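K.L.:
structure of the sequence below:
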Amino acid sequence: MNCRILAVAALCLVFVACHEVREEYDLVLRGGSIVDGTGAPAETGDVALRGDRIVAVGAVPGRGRAEIDARGLVVAPGFIDMHSHSDYLLLEDGAAQSKIRQGVTTEVLGEESSGGPSKGKLKPKRMTGDGEGNGEWATLGGYFQTLERSKISVNVASYVGQGNIWRCVMGDSYERPTPAQLGEMKALVTEAMEDGAFGLSAMLASGPGFLATTDDLVELCREVKKYGGIYSTHQRNEGSGVFESVKEAIAIAERAGVPVDVIHLKIADRQNWGKMKDIVALIEDARRRGVNVQANIYPYTRGNNNLVTILPPWAHEGGHEKLMVRLQDPAERARMKKDIQSGIQGWYNHYTAVGGDWSRMLVNGNLSQKNRAAEGQTMDAILARRNAASDPIEGMFDFLLEENGSIPTIYAHHTEEDMNLALSQPWCSIGSDGLAHSIEGPLRRGRPHPRSFGTFPRVLGVYVREKKLLTLEDAVRKMTSLNAAKIGLRDRGVIRAGAFADLAVFDAGRVIDRATYLDPFQYPDGIEVVIVNGAVTVDHGRHTGARAGMVLRRGR
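P.N.:
Presented below is the predicted three-dimensional model:
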């Protein structure tokens with residue numbers, strides 16, 4: 001028999017071009033340790049693909065047109081990033097480099113601000129995208145179509161953002177909506193659900209989310225219930241008011257009759273550190289009485305935000321222009337300083353959350369030439385260099401003015417112990433809260449949180465292999481089938497015959513994140529092959545250029 005076998009890279013991806021052998025499959029992964037996403041123990045075997053589906057699992061006879069030697073590697077379902085902000089970066093470059101190289105095959109978008117709707121008092125979106133991804137759209141469906149034209153390497157699912165819904169009707173006003181305006185919002189939710197949204201997502205710690213009452217959110221979620229959707233919430237207060245916020249999330253879900261997923265569950269306030277067990281007890285109590293309450297988490301104890309979030313909510317009313325005027329007004333600065341130091345009932349105050357400790361605030365974004373030396377430094381050092389140590393809040397105001405009101409900042413606001421307890425809960429899954437950046441080209445910009453590059457390998461390397469907080473099988477479940485089940489994704493997140501061929505192949509003994517807070521632009525180690533809808537998209541850690549990702553619409 002005269003067969004020609006071509007080995008590609010070090011993974012032994014081989015193509016069989018032998019007329020005497022019938023090629024039953026497009027691709028077969030041979031001899032890997034199959035972790036199927038359900039939490040079941042790993043089993044050694046083969047996985048065969050035909051088109052965009054898995055067609056056989058186990059001891060697979062016959063041959064594939066191409067084969068991968070997966071011996072010594074784990075074969076898992078492609079990871080589903082439950083909390084991503086890649087909505088517009090994917091239109092700039094659909095390669096999704098920092099996500100696909102982590103093994104992510106599906107991104108769930110739309111926290112608070114989604115690709116649509118953008119109409120009424122919110123201007124329609126327009127993007128110059130990759131390939132044919134150019135255009136203007138006013139609905140979430142229009143965003144989906146634009147994304148499809150642009151060609152993407154990952155699958156995409158999306159919520160509709162409560163912020164979009166609110167701004168379409170209310171603009172930048174802080175007025176309460178009339179019954180008629182609330183009716184307009186409900187109609188917009190319905191439209192987005194018809195377009196394929198998987199639910200409603202709100203960010204209640206800042207505008208315009210904090211303007212929505214519990215009753216408002218219940219009314220909007222009742223529209224979501226009609227379509228079998230989910231409510232995803234960034235809590236109103238993750239610090240001093242975290243218990244009340246968890247109770248509110250539970251109440252909204254219970255009253256509206258929808259599942260709720262709490263975004264990046266944490267206790268981000270020094271006075272409540274160590275009380276995650278009480279948060280878990282609240283959630284478990286609700287689950288016992290039939291409320292479907294779950295959560296997701298990223299495996300880092302620092303959160304990414306902006307220094308301007310230290311300013312109280314009223315300072316942001318009217319948008320950026322009004323904010324900058326207030327920062328130049330001595331009377332307004334005095335009022336802001338008082339509220340920052342004393343707090344406002346119900347407002348999550350980043351300053352008091354870290355105990356007023358400026359050393360727990362790391363400036364991590366691109367700054368103007370004047371302040372370039374401050375990049376990668378903590379605020380205590382920055383303020384000391386600015387001779388503002390005697391009145392640091394005034395120094396912060398001046399710093400914000402010089403940077404046009406925006407200074408990307410990482411806050412060290414929660415603890416490893418609390419995070420580990422949340423991470424170990426069976427209903428807590430993994431979401432990065434990151435974006436699809438790249439180590440080169442236009443998407444190498446700013447200084448993003450390392451979670452954009454390292455979330456999923458970090459779970460596998462640190463919390464499975466090193467700390468043994470999770471078993472490999474349970475960690476994979478938290479990254480795959482648990483997330484798929486939460487939002488109702490069909491035939492994804494598991495390895496079984498008939499499921500979509502989204503797969504991540506990795507070296508369990510080597511997989512690890514490399515991105516850091518000061519040097520985030522580093523891809524992880526140990527992710528060897530990533531397959532999206534049957535297309536090999538990462539081969540031996542290199543992007544193949546494949547763009548086989550799909551837009552996933554609920555109910556389609």
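
K.L.:
all strands of the stretch 51-200 of the chain, in order?
P.N.:
Under the criterion DSSP state E, counting those that start in this stretch, the stretch 51-200 of the chain carries strands at the ranges 53-58, 63-69, 74-77, 79-81, 104-109, 125-127, 135-137, 155-158, 160-161, 199-203.

K.L.:
may I have the second one as PDB, with CA atoms only?
P.N.:
If I follow you right, that is strand 63-69. C-alpha atoms of strand 63-69 as PDB (Å, rounded to 0.1, in the frame of the first residue of the first chain):
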ATOM      1  CA  ARG A  63      -9.700   6.700   9.100                       C
ATOM      2  CA  GLY A  64     -10.100  10.500   8.800                       C
ATOM      3  CA  ARG A  65      -9.000  12.700   6.000                       C
ATOM      4  CA  ALA A  66      -6.900  14.400   8.700                       C
ATOM      5  CA  GLU A  67      -5.800  13.000  12.100                       C
ATOM      6  CA  ILE A  68      -4.400  14.500  15.200                       C
ATOM      7  CA  ASP A  69      -2.300  12.500  17.600                       C
END
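
K.L.:
buried residues of it, list them for me.
P.N.:
63-69 (16 or more other C-beta atoms under 10 Å). (Each C-beta comes from the backbone N, C-alpha and C, glycine too.)

K.L.:
before we move on, the earlier item: weakest of the strands of the stretch 51-200 of the chain by average pLDDT?
P.N.:
Among the strands of the stretch 51-200 of the chain, strand 125-127 carries the lowest mean pLDDT, at a mean of 79.

K.L.:
pipe the strands of the stretch 51-200 of the chain into TSV and attach distance to residue 192 per row.
P.N.:
What follows is the strands of the stretch 51-200 of the chain, written out as TSV (distance: least, C-beta to C-beta, whole Å):
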stretch	distance to residue 192
strand 53-58	29
strand 63-69	39
strand 74-77	27
strand 79-81	20
strand 104-109	12
strand 125-127	14
strand 135-137	12
strand 155-158	9
strand 160-161	4
strand 199-203	8
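
K.L.:
out of the ones you listed, deepest packed?
P.N.:
Most buried of the strands of the stretch 51-200 of the chain, by mean neighbour count (mean count of other C-beta atoms under 10 Å): strand 79-81, with a mean of 33.

K.L.:
need the contact partners of that one.
P.N.:
99, 102-108, 430-432, 434, 455-456, 479-480, 483-484, 489, 492-493, 504 (C-beta atoms under 8 Å, 6 or more residues apart in numbering).

K.L.:
partner strands of it and their direction?
P.N.:
Strand pairing for strand 79-81, determined by DSSP bridges: strand 104-109 (parallel).

K.L.:
for the longest helix seen in the chain, packing partners?
P.N.:
Taking DSSP state H as the criterion, the chain has its longest helix at helix 179-195. Where contact means 3 or more C-beta pairs under 8 Å, 6 or more residues apart in numbering; DSSP states H and E, helix 179-195 is packed against helix 140-150, strand 160-161, helix 162-170, helix 214-225.

K.L.:
deepest-packed of these, please.
P.N.:
Of the helices and strands packed on helix 179-195, strand 160-161 is the most buried (mean count of other C-beta under 10 Å), at a mean of 30.

K.L.:
can you pull out the residues in contact with that one?
P.N.:
Contacts to strand 160-161, defined as C-beta under 8 Å, 6+ apart, come from residues 110-114, 116-117, 140, 188-189, 192-193, 197, 199-202.

K.L.:
same thing but at 6 Å, please
P.N.:
The contact list for strand 160-161 (C-beta atoms under 6 Å, 6 or more residues apart in numbering) reads 110, 112-114, 140, 192, 197, 200-201.

K.L.:
distance check, the closest residue to residue 415 other than its chain neighbours against residue 410.
P.N.:
Of all residues beyond its chain neighbours, the one nearest residue 415 is residue 273 (5.0 Å), with distances taken as C-beta to C-beta, 6 or more residues apart in numbering. Distance, residue 273 to residue 410, using C-beta to C-beta, to the nearest Å: 18 Å.

K.L.:
who has more neighbours, those two?
P.N.:
It is residue 410, of residue 273 and residue 410, that has more neighbours when counted by other C-beta atoms under 10 Å, with 23 against 16.

K.L.:
how about that one: what's its closest non-neighbour residue?
P.N.:
residue 362 (4.4 Å).

K.L.:
format the contacts of strand 160-161 as TSV; extra columns: distance to residue 58.
P.N.:
Shown next, in TSV, are those (distance: C-beta to C-beta, whole Å):
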residue	distance to residue 58
110	37
112	43
113	44
114	40
140	40
192	41
197	37
200	41
201	39
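
K.L.:
looking at those, which is nearest residue 530?
P.N.:
Closest approach to residue 530 among the contacts of strand 160-161 (C-beta to C-beta): residue 110, at 23.1 Å.

K.L.:
so who does the closest one touch?
P.N.:
158-159, 161, 201.

K.L.:
tell me the contacts of residue 121?
P.N.:
residue 171.

K.L.:
what's stretch 506-523 in contact with?
P.N.:
73-74, 101, 376, 410, 439, 444, 448, 450, 453-454, 457-458, 460-461, 524-528.

K.L.:
pull out the buried positions in the strand ranked longest in the chain.
P.N.:
In the chain, assigned by DSSP state E, the strand with the most residues is strand 23-34. Residues 24-34 are the ones in strand 23-34 that count as buried (16+ other C-beta under 10 Å).

K.L.:
now what about that strand, what contacts it?
P.N.:
Counting by C-beta under 6 Å, 6+ apart, 42-50, 60, 62-71, 73-75 sit against strand 23-34.

K.L.:
and if you look at stretch 193-208?
P.N.:
110-112, 140-141, 157, 159-163, 166, 209-210, 220, 224, 227, 229-234, 236, 316, 348, 487, 553-554.

K.L.:
avg pLDDT for stretch 442-456?
P.N.:
Averaging pLDDT along stretch 442-456 yields 93.

K.L.:
quick one: buried residues of it?
P.N.:
Result for stretch 442-456 [16+ other C-beta under 10 Å]: buried residues 443, 447-456.

K.L.:
could I get those residues as TSV with distance to residue 293?
P.N.:
Converted to TSV, the buried residues of stretch 442-456 look like this (distance: C-beta to C-beta, whole Å):
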residue	distance to residue 293
443	35
447	34
448	30
449	26
450	29
451	23
452	27
453	30
454	28
455	22
456	24
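
K.L.:
and residue 435, what does it touch?
P.N.:
With C-beta under 6 Å, 6+ apart, residue 435 has these contacts: 85-86, 89, 452.

K.L.:
now, which of those residues sits nearest residue 249?
P.N.:
Of these, the one sitting nearest to residue 249 (C-beta to C-beta) turns out to be residue 85, at 20.2 Å.

K.L.:
residues near residue 527, how many?
P.N.:
26.

K.L.:
thought residue 545 was touching residue 535, still the case?
P.N.:
No - between residue 535 and residue 545 there is no contact under C-beta atoms under 6 Å: 9.9 Å.

K.L.:
quick one: which of these two has more around it?
P.N.:
A count of neighbours by other C-beta under 10 Å puts residue 535 above the other of residue 535 and residue 545, at 20 against 9.

K.L.:
quickly list what that one is bridged to.
P.N.:
Counting by DSSP bridges, the residues bridging with residue 535 are residue 532.

K.L.:
would you mind measuring from it to residue 384?
P.N.:
53 Å.

K.L.:
cool, residue 290 as well?
P.N.:
54 Å.

K.L.:
same thing with residue 90?
P.N.:
For residue 90 relative to residue 384 (C-beta to C-beta), the value is 41 Å.

K.L.:
between the two, which is the more surrounded one?
P.N.:
Counted by other C-beta under 10 Å, residue 90 and residue 384 do not tie: residue 90 has more neighbours, with 30 against 14.
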